[in-house]
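Engineer: any chance you can model this:
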Amino acid sequence: MSWDELVAAALIGTDRRPVAAAAPPGSPDTLEASLAERGAEDRVLAAAAGRSAGR
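Structural biologist: Numbering: from 1, shown residues only. So this is what the prediction gives:
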């Protein structure tokens, strides 16, 4: 999921724009499984944090 897609999901809402449990490139293998276990709002925040740390 790109940064633009994360921003759109945050602005529109996760009910109207679902967020996939996809980890950013170069992330640990366990991150994607961890994201899949979270709720939609937590996935947005965790994915944004992962993208920010990777920048």
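Engineer: stretch 6-26 spans what distance, first to last residue?
Structural biologist: End-to-end distance for stretch 6-26: 18 Å, by CA to CA, to the nearest Å.
Engineer: point out where this structure drops to low pLDDT.
Structural biologist: In the predicted model, the chain carries pLDDT under 70 at residues 1, 20-21, 54-55.
Engineer: show me which helix runs longest in it.
Structural biologist: helix 40-54 (DSSP state H).
Engineer: would you mind writing the CA trace of that one as PDB?
Structural biologist: Extracted C-alpha coordinates of helix 40-54, given in PDB (Å, rounded to 0.1, in the frame of the first residue of the first chain):
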ATOM      1  CA  ALA A  40      -8.700  -1.600  10.100                       C
ATOM      2  CA  GLU A  41      -7.800   1.600  12.000                       C
ATOM      3  CA  ASP A  42      -4.800  -0.100  13.600                       C
ATOM      4  CA  ARG A  43      -3.600  -1.300  10.200                       C
ATOM      5  CA  VAL A  44      -3.700   2.300   8.800                       C
ATOM      6  CA  LEU A  45      -1.700   3.600  11.800                       C
ATOM      7  CA  ALA A  46       0.800   0.700  11.800                       C
ATOM      8  CA  ALA A  47       1.300   0.800   8.000                       C
ATOM      9  CA  ALA A  48       1.800   4.600   8.200                       C
ATOM     10  CA  ALA A  49       4.300   4.200  11.000                       C
ATOM     11  CA  GLY A  50       6.200   1.500   9.000                       C
ATOM     12  CA  ARG A  51       6.300   3.700   5.900                       C
ATOM     13  CA  SER A  52       7.500   6.700   8.000                       C
ATOM     14  CA  ALA A  53      10.300   4.700   9.600                       C
ATOM     15  CA  GLY A  54      11.400   3.500   6.100                       C
END
